[in-house]
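Novice: build the 3D model from these lines:
(chains A, B, C and D)
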There are 2 protein chains.
Amino acid sequence: MNYVTLLKTKNLKATPQRLTIVEELYTHGHLNIDQLYSALVEKFPSISLATIYKNINAMSDIFFISEVKIPHKKSVYELTKESHAHLVCSECSSVEDIILHSSHLLEEIEKSSSFKVITQNILLEGVCKECQT
Amino acid sequence: MNYVTLLKTKNLKATPQRLTIVEELYTHGHLNIDQLYSALVEKFPSISLATIYKNINAMSDIFFISEVKIPHKKSVYELTKESHAHLVCSECSSVEDIILHSSHLLEEIEKSSSFKVITQNILLEGVCKECQT
DNA sequence: CTGGGTGCAAAGTATTTGCATGAAC
DNA sequence: GTTCATGCAAATACTTTGCACCCAG
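Specialist: Reported below is the predicted structural model:
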């Protein structure tokens, strides 16, 4: 898949700044605003936080980027991908993706309530492999 | 259970403002900062947002209140209770609690990763009963 | 009485907006 | 050439802090 083309189909220009945000997220998976800014300022010394925000918002609007809200922490951003859950380490703050087969869960909800689920947002806090000394 | 006593055991004074926040959350389940402020200002016309924030923070520190972060929306607060999931309606923004038996989910995670889960944070977005015209 | 709480104002942090210039197409 | 993006500064929104006064215990 070609990010440049994908952006253009949504009428967003493929600027170097924008592409670098995408690359950073592709490479590192999950980054918060400050981490994105630190990464981008290396390459574009005069970039402003406003540009980061504008781009995050623009690409979120087209569902190309998603915000992950984390309890007691700053939000991180990721490239939108197949529905998945997040494992957040309380020690090192790492965020890991995991694909769940949560059909049981959805069945359970439909049985016990009349709520029609559209999007799942599952986040597990705990200790990652590396931090389990 | 007696909220007054509970607060005191944590060295928090049972002020009218504080108790009203608790009552509001008890009655309405989930409220954001603005809703809390609107409710409290009825009873205490000179209350300030700072007081709301300070109390929310103080009672969060003792795990008496929990913040629920919701995608694309403002956080809401609830009284801490038994572990449960949230159903958030995209139409009317209502938040409903549901107790899940998510053992399958936890087993699955432990099988496919070495992550040790401590806290679950499950939120489902969709359409509530009332909004399913 | 004593210590913590309240409410005000101010400070701090986070995010958005307006606009002139510049780059993508 | 036209449109949209960038980057600066300013504005707005959100949250915390300091302090004098007040109330719960």
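Novice: for A:H86, phi and psi?
Specialist: Per-residue torsions, A:H86: phi -120, psi 140 (degrees, to the nearest 10).
Novice: which residues does it bridge with?
Specialist: Beta bridges link A:H86 to A:D97, A:L123 when assigned by DSSP bridges.
Novice: list the contacts of it.
Specialist: Shown in contact with A:H86 (CB atoms under 8 Å, 6 or more residues apart in numbering or on different chains): A:68, A:70, A:95-98, A:122-124. (Each C-beta comes from the backbone N, C-alpha and C, glycine too.)
Novice: pull out the buried members of the residues you listed.
Specialist: Among the contacts of A:H86, those buried by neighbour count (16 or more other CB atoms under 10 Å in any protein chain shown) are A:68, A:70, A:95-96, A:122-124.
Novice: quick one: the strands in chain A, in order.
Specialist: Remark: strands assigned in chain A by DSSP state E are A:65-68, A:76-79, A:85-89, A:95-98, A:116-127.
Novice: which bits of chain A sit near DNA strand D?
Specialist: A:11-13, A:15, A:17-18, A:44, A:46-48, A:50-51, A:54-55, A:58 (CB under 7 Å from any atom of the strand).
Novice: among the residues you listed, which lie within helices?
Specialist: When DSSP state H is applied, those are split such that A:17-18, A:50-51, A:54-55, A:58 fall in helices.
Novice: please pick the buried ones from the residues you listed.
Specialist: Using 16+ other CB under 10 Å as the burial test, those include A:18, A:51, A:55, A:58 as buried.
Novice: with only the CA atoms kept, save the worst-scoring helix or strand of chain A on mean pLDDT in PDB.
Specialist: None of the helices or strands of chain A scores lower by mean pLDDT, DSSP states H and E than helix A:103-112, at a mean of 85. Extracted in PDB, the C-alpha atoms of helix A:103-112 (Å, rounded to 0.1, in the frame of the first residue of the first chain):
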ATOM      1  CA  SER A 103     -16.900 -13.000  19.600                       C
ATOM      2  CA  HIS A 104     -17.800 -14.400  23.100                       C
ATOM      3  CA  LEU A 105     -17.700 -10.900  24.400                       C
ATOM      4  CA  LEU A 106     -20.000  -9.500  21.800                       C
ATOM      5  CA  GLU A 107     -22.400 -12.300  22.100                       C
ATOM      6  CA  GLU A 108     -22.500 -11.800  25.900                       C
ATOM      7  CA  ILE A 109     -23.300  -8.100  25.400                       C
ATOM      8  CA  GLU A 110     -26.000  -8.700  23.000                       C
ATOM      9  CA  LYS A 111     -27.600 -11.300  25.300                       C
ATOM     10  CA  SER A 112     -27.500  -9.100  28.400                       C
END
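Novice: and that helix, does that touch chain B?
Specialist: Yes - interface with chain B: helix A:103-112 contributes A:104-105, A:108-109, A:112 (CB under 8 Å from any CB of the partner chain).
Novice: make CSV out of these and add neighbour count.
Specialist: Output for the residues of helix A:103-112 next to chain B, formatted as CSV (neighbours: other CB atoms under 10 Å in any protein chain shown):
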residue, neighbour count
A:H104, 16
A:L105, 21
A:E108, 18
A:I109, 22
A:S112, 12
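Novice: orientation of the least confident helix or strand of chain A relative to strand B:85-89 in degrees?
Specialist: 70 degrees (axes from the mean of the first three to the mean of the last three CA atoms, to 10 degrees).
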